[in-house]
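Peer 1: Provide a 3D model corresponding to the input given below.
(chains A and B)
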Amino acid sequence: MTEIPIVSIVTFLPLLGAALLLCVDRRREAAIKHLAFGVSAVTFLVSLGLYGNFRLDVPGMQFSERVPWITWLGAEYHVGVDGISLLLVLLTTFLTAVAILSSYAAVTTAVKEYMVCVLLLETGMLGVFVALDLVLFYVFWEGMLIPMYFLIGIWGGPRRIYATIKFFLYTMAGGVLMLVGIIALYFLSGGGPGGEYTFDLLKLSALDLPFQVQAWLFLAFAVAFAIKVPMFPFHTWLPDAHVEAPTAGSVILAGVLLKMGTYGFLRFALPLFPDATRYFTPLFSWLAIIGILYGALVSMVQPDLKKLVAYSSVSHLGFVMLGIFALTAQGVAGAILQMINHGLSTGALFLLVGMLYERRHTRMIQDFGGLARIVPVFTAAFLIVTLSSIGLPGLNGFVGEFLILVGTFRVNVLYAVLATAGIILAAVYMLWMFQRVMFGPVTQEANRGLVDLTPREIAVLAPVLALIVWIGIYPQPFLRTTEASVAQLLARVQERKEMRATSHEPRATSREIRAASWARHASETGGEGRDGR
Amino acid sequence: MDGSLPQVSWGALLPFLLITGTGLLVLVLDPLMSPERRDRLPVLSLGGVVCAALALVWRLDQSDIVFGGMLAADGFALFFNLLFLLVAGLTLLISIAYIRRTGLEHGEYSALLLFSTLGMMIMASSLDLMTIFLGLETLSISLYILAGFLRDQIRSNEAALKYLLLGAFASGFVLYGIALVYGATGSINLTRVARALALGQVHDPTLLTIGMGLLIVGFGFKVAAVPFHMWAPDVYEGAPTSVTAFMIAGTKAAAFAALLRILMTALPALQPDWSRVLWVLAVATMTVGNVVALAQTNIKRMLAYSSIAHAGYVLVALVTGTKLGSGAILFYLLAYALMNLGAFAVVVAAARREDERLTIDDYAGMGLTRPALGAAMAVFMFSLAGVPPTAGFMGKLYVFSAAIQGNYLGLAIIGVANSVISAFYYLRITVVMYMVPGQDAPPADRLSPALVAAILIAVGGTLLLGLFPSGILDVALRSVASLLG
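Peer 2: Alright, predicted model coming up:
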């Protein structure tokens, strides 16, 4: 299955494109834009090949590639995709192409650097979704910060410097704790009898760690992911970053970057620390619910369109987290689908707000009103996206949210009821915003001269809208993709649960177990390291 | 002692002799050359450095102990000697541009640089406390002069004087420590000290402990560990930029090499003691260095405090006293040398004849007006901050791996928290370069090819070590094998 390293090709094509761009004279801006879009479009097409050859009945990793990397530590270049990551890879390649196309007119300064940054960012994001080695994953996870940092900082709004530094430091602070967790996990993996020092996710998932150790490591990973999601109370970087980022930056940030956090939970936190996951489920479910309600309430009072969309992300990602921590097939499948849905609908919202901003140079809701009669095509597109974001049946948002709620309801009725309140609130803030922007009398003269969508803008939006409708009407292909992998993930968590239930390990002694485990691996590794390799 | 001359292994000595010879040749040629041709002397010195490196590589797989157990030509010495020659070579490349602009075209400059490199090489190769001290003094005395080389600048004079006074003080500590270790164990040979300890033939354990403490203090001064760092920012700021780069990358590595050899070869039996002391030093050094660096507005001063903080990360690895820890130190010092020399090369490149342009605000807009230079500086800053995929990240990965392996989880957490603090001031440079519009600066001077070469080597090395660290880590781990005798 590994004749063509297709995962690597998809991951590094954008990097190659960035290198090509460096060779183009910076004054030939049109050529730079076309080249960047061409590279991202080709990447998307190649990633479709990934989908075409994907075998739905295989729950594990496909298209795996494994090359030794840091031999002494046993870190490998190990990549592959399964049903959980495949959709996110496709989302990434799709949205990056859309984002590049959308910034043809918006970006006027340092076009070359901008396109290089976007393409580097794409490689970083794809790397996060395909990496199966923890060091490799960490390299992509942190390395991806650099291009995003520049995107917000150079091409962003007035408070861009504050926003970008906040974004960087928040993410890095979470990241370094995860690094400590990764290294600790590494030494634990080799500490036991017959243990092997490894950073390989698949091998590490088979470890049976004492609960206390799992809990600490789970928290180290979870903080990093929760900041990225962002979960309440780690969300404060998000509105700043979203509002200041350029349109394409916001699209990628909301569409893909936030999913890295939720993906991290699914890919790493759950399979590595199943006992801790179950232990912390109430905490994370409640934080998710607080996020849903808090994000929705704060969205309601935002005067700024972009900020409103940003806070609505906090609310929507709360749904995703709730679905994941329901730990049921419907919940997790819904969460994955909702990640895609949120990427599409929020990405589209940011695109639309960006288009409005390019015309009027304001994003304040009060500066608009009555646009429906002036720009009917724009309004139609905006309406579809708004309804998708609310979760109207027939559009994509409904499917995801419904599955999450069903999955949650089976576990805890209270959670489901509270989350449903979030959906109602979403309808309130989105429709109210829509009403104030689109209907009523035209209050500002400047709005009368607004131009409707250009063909290029329609070309940007049309594929996104098509997907929104497609998933809403016929989500089966998407759900089928994730089915096998989700079942395997949950089976693993479940199996651990039963194993532990039968062994009746008393919780009180887990501290001693942990101490013993530390002492064991210290005595075996302390003086000499590993000479063997 | 039978009075007969020890066996001399000329092959092992060749690199030392080449450096010394080149230095002397430069001194002889200097008065014979017309002033406008003197800028060829650094090129000549560079040739000497390259030859010495080739001589080292030539004897790559031969390991022996020469001069009656005083010098070792082992893997450890080889790694560090190549590192010092790399530092010297890059410093000379930077210097070619720098001394032309500042009018420092005196032959002594290159000669002193070579002599201090020689001192470093002796320090890393010594198996004997006395030879270590000789190397330390050769290194330091050359640097006292180099630090004050900008004779008409009061800051440079201050730097030289401060460095001399505190350096002499530190040397005193080291010497006193050597004396006490000798008094306690009856030997200044590292392996014999270790044997005496292992056999319990220590006359007075208290004396030995005090001796070890004094050695740590003395070397603490040299690596600028908190609380012995007071001299560092002023000296690094006042000294000529190229010399600062050399001191930050080279001296520190040499002092760590000597300290590592003393602690791991001679005093492994006292590890619980020195680990506890170094734990405190490591935490203080990281934290003070990073926190004070936050407040700096001068780029040389900021890099000075950043170098203090980095000494703290190296100390973290030293605390563990393990093989992985020692290997991590070697890797880290190499990564650290590359990114710092690169950053200083950019500082030299950004300066003008009439204006050194050393405040951070002078870098406004540089990322977009001089894209290549800005990109290089960004690489160095992200590497110093420890963001992948750079050498700085891999260095930190190994250091913190060693700490966690050695059960110093708290130390590792303090370390990573520090690297988040440090990210803030490294980011500030990139913020200024890319996100603050620049003033209308006069057009930049053309960069000399030597400087471009230095920056390219540093960028290439930083990225290469970040992406494919495996080979160098293997070499580093093999090199430290000889320490653990």
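Peer 1: remind me which residues of the chain are low pLDDT?
Peer 2: No chain specified, so I'll use chain A. For chain A, the stretches with pLDDT under 70 are A:1-3, A:192-194, A:495-533.
Peer 1: I was thinking of chain B, sorry if that wasn't clear
Peer 2: Confidence mapping of chain B against pLDDT under 70 gives the ranges B:1-7, B:105, B:440-445, B:485.
Peer 1: Specify the local secondary structure of the residue nearest to the spatial centre of it.
Peer 2: Closest residue to the average C-alpha location of chain B: residue B:250 at 2.8 Å, with Cα atoms, centre = their mean. The local conformation at residue B:250, judged by DSSP: H, G, I helix; E, B strand; the rest coil, is helix.
Peer 1: Now it. Nearest residue, chain neighbours left out?
Peer 2: Spatially, and ignoring its direct neighbours in sequence, residue B:250 is nearest to residue B:87 (4.3 Å; Cβ to Cβ, 6 or more residues apart in numbering or on different chains). Any C-beta I mention is one placed from the backbone N, CA and C, and that applies to glycine too.
Peer 1: cool, residue B:243 as well?
Peer 2: residue B:146 (4.6 Å).
Peer 1: Double-check that residue A:394 belongs to a strand.
Peer 2: No: membership of residue A:394 in a strand is not supported by three-state DSSP, which gives coil.
Peer 1: residues contacting it?
Peer 2: A:469, A:472, A:473 (Cβ atoms under 8 Å, 6 or more residues apart in numbering or on different chains).
Peer 1: Sort out which of the residues you listed are buried, if you could.
Peer 2: Buried members of the contacts of residue A:394, counted by 16 or more other Cβ atoms under 10 Å in any protein chain shown: residue A:472.
Peer 1: Could you list which of the contacts of residue A:394 belong to strands?
Peer 2: Assignment to strands by DSSP state E places none of these there.
Peer 1: rewinding a little: what about the residue nearest to residue B:250, how many residues close to it?
Peer 2: 30 (other Cβ atoms under 10 Å in any protein chain shown).
Peer 1: ok, now the one 3 residues further on?
Peer 2: A total of 31 residues lie near residue B:90 under the criterion other Cβ under 10 Å.
Peer 1: pretty sure the residue nearest to the centre of chain B contacts residue B:85?
Peer 2: No: using Cβ atoms under 8 Å, residue B:250 is not in contact with residue B:85; the gap is 9.9 Å.
Peer 1: which residues are common contacts for these two?
Peer 2: Common neighbours of residue B:250 and residue B:85 (Cβ under 8 Å, 6+ apart) are residue B:117.
Peer 1: re earlier: quick one: the contacts of residue A:394 as JSON lines, columns for distance to residue A:220 too.
Peer 2: Below are the contacts of residue A:394 laid out as JSON lines (distance: Cβ to Cβ, whole Å):
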{"residue": "A:469", "distance to residue A:220": "41"}
{"residue": "A:472", "distance to residue A:220": "38"}
{"residue": "A:473", "distance to residue A:220": "42"}
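Peer 1: which stretch of helix or strand covers the closest residue to residue A:16 other than its chain neighbours?
Peer 2: Spatial nearest neighbour of residue A:16, chain neighbours left out: residue A:39 (7.5 Å); criterion: Cβ to Cβ, 6+ apart. Element membership for residue A:39 (DSSP states H and E) is helix A:29-52.
Peer 1: Give the other helices and strands that that helix contacts.
Peer 2: If you count contacts as 3 or more Cβ pairs under 8 Å, 6 or more residues apart in numbering or on different chains; DSSP states H and E, helix A:29-52 packs onto helix A:6-22, helix A:83-106, helix A:111-130.
Peer 1: residues in contact with residue B:20?
Peer 2: Residue B:20 sits next to B:114, B:115, B:118 when contact means Cβ under 8 Å, 6+ apart.
Peer 1: In three-state terms, label the nearest residue to residue A:231 once chain neighbours are set aside for me.
Peer 2: Nearest residue to residue A:231, sequence neighbours excluded (Cβ to Cβ, 6+ apart): residue A:287, at 5.2 Å. Three-state call for residue A:287 (three-state DSSP): helix.
Peer 1: Isn't residue A:287 up against residue A:232?
Peer 2: Yes: between residue A:287 and residue A:232 there is a contact under Cβ under 8 Å: 5.6 Å.
Peer 1: if we can go back for a sec, can you check which of the helices and strands packed on helix A:29-52 gets nearest to residue B:39?
Peer 2: helix A:6-22 (33.2 Å; Cβ to Cβ).
Peer 1: Can you get me a residue count around the residue nearest to residue A:231?
Peer 2: Neighbour number of residue A:287 under other Cβ under 10 Å is 22.
Peer 1: what's the answer for residue A:420, then?
Peer 2: Residue A:420: 15 neighbours (other Cβ under 10 Å).
Peer 1: check contacts around the residue nearest to residue A:231.
Peer 2: So residue A:287 contacts A:226, A:231, A:232, A:233, A:321 (Cβ under 8 Å, 6+ apart).
Peer 1: Next: residue A:121.
Peer 2: A:96, A:144, A:147, A:148, A:151, A:252.
Peer 1: can you put those residues in JSON lines and add distance to chain B?
Peer 2: Formatted as JSON lines, these follow (distance: Cβ to the nearest Cβ, whole Å):
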{"residue": "A:96", "distance to chain B": "20"}
{"residue": "A:144", "distance to chain B": "9"}
{"residue": "A:147", "distance to chain B": "11"}
{"residue": "A:148", "distance to chain B": "12"}
{"residue": "A:151", "distance to chain B": "11"}
{"residue": "A:252", "distance to chain B": "19"}
